[in-house]
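J.: Provide a 3D model corresponding to the input given below.
(chains A and B)
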Amino acid sequence: QQQVKQSPQSLIVQKGGIPIINCAYENTAFDYFPWYQQFPGKGPALLIAIRPDVSEKKEGRFTISFNKSAKQFSLHIMDSQPGDSATYFCAAAYNNNDMRFGAGTRLTVKP
Amino acid sequence: NAGVTQTPKFQVLKTGQSMTLQCAQDMNHNSMYWYRQDPGMGLRLIYYSASEGTTDKGEVPNGYNVSRLNKREFSLRLESAAPSQTSVYFCASSEIGGRTEAFFGQGTRLTVV
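T.: Numbers count the residues shown, from 1 in each chain, chains lettered A, B, ... in the order given. Have a look, this model is predicted:
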């Protein structure tokens, strides 16, 4: 039983499109919500993270939207590029060391 | 600037064999983690160590043991490997816990036949 549900499993967009990846969680004890990016053969790397006291955070072309009442958060990639093709994981962490990941979304950006 | 280093990168085991996956970090981080990654399952936490001398079970600890040898090193042991443990294993570290950036190693691809 995954504590963080992520959708879609895979996503294909054209260059310049805006892919959106969604995550939902149940446990209101989660208070840190990072997104990780993983390229084939590599370990995941932190992309952007948000805490529940803000509703949106932008870093470059990446934006997290956070809806605390709905227990949902999403990643938007503006002006997507072929180099953004990767697997994206959302995650949620407690007030300890236990971080739980979603199942991942494989994004393909076509030239 | 090595970050998090895992060894080996690839390993094939026979059912019932044992092995230890090694992990070392050079960032002076307090917390270290072991995850397994399976298709469609994302990353699942096996064990973590909040600080030197402490270890705790994560989501899927059965069949594994860990040792936090010192602040730098955190090893994962499979005492009697099973085909269900075929996976990619990632070690990670973070400064002070789950709410700070975790840095991941390159992974160990383990196949149990």
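J.: so who does the closest residue to chain B within chain A touch?
T.: For chain A and chain B, the shortest gap (CB to the nearest CB) falls at A:G43, measuring 3.1 Å. In short, each C-beta sits where N, CA and C put it, glycine included. When the contact criterion is CB atoms under 8 Å, 6 or more residues apart in numbering or on different chains, the partners of A:G43 are B:V4, B:F90, B:A92, B:F104, B:G105, B:Q106, B:G107.
J.: chain neighbours aside, what residue packs nearest to B:F10?
T.: B:R109 (5.1 Å; CB to CB, 6 or more residues apart in numbering or on different chains).
J.: contacts only, for A:F73.
T.: By CB under 8 Å, 6+ apart, the contact set of A:F73 is A:N22, A:C23, A:Y25, A:F33, A:I50, A:I64, A:S65, A:F66, A:N67, A:C90.
J.: taking these one by one, which sit in strands?
T.: A:N22, A:C23, A:Y25, A:F33, A:I50, A:I64, A:S65, A:F66, A:N67, A:C90 (DSSP state E).
J.: turn those into a markdown table, including neighbour count and distance to chain B.
T.: Converted to a markdown table, the ones in strands among the contacts of A:F73 look like this (neighbours: other CB atoms under 10 Å in any protein chain shown; distance: CB to the nearest CB, whole Å):
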| residue | neighbour count | distance to chain B |
| --- | --- | --- |
| A:N22 | 16 | 14 |
| A:C23 | 26 | 11 |
| A:Y25 | 21 | 13 |
| A:F33 | 23 | 10 |
| A:I50 | 19 | 11 |
| A:I64 | 23 | 15 |
| A:S65 | 16 | 20 |
| A:F66 | 19 | 15 |
| A:N67 | 12 | 20 |
| A:C90 | 28 | 9 |
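J.: mind putting those in TSV, pLDDT included?
T.: What follows is those, written out as TSV (pLDDT from 0 to 100):
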residue	pLDDT
A:N22	98
A:C23	98
A:Y25	95
A:F33	94
A:I50	93
A:I64	96
A:S65	96
A:F66	96
A:N67	95
A:C90	96
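J.: mind checking pLDDT for the residue most central in space within chain B?
T.: Nearest to the mean C-alpha position of chain B, by CA atoms, centre = their mean, lies B:W34 at 2.8 Å. We have a pLDDT of 96 for B:W34.
J.: wait, what's in contact with it?
T.: The contact partners of B:W34, taken as CB under 8 Å, 6+ apart, are B:21, B:23, B:45-48, B:58, B:64, B:66, B:74, B:76, B:89-92.
J.: give the contact list for the residue nearest to B:F10.
T.: So B:R109 contacts B:K9, B:F10, B:Q11, B:V88 (CB under 8 Å, 6+ apart).
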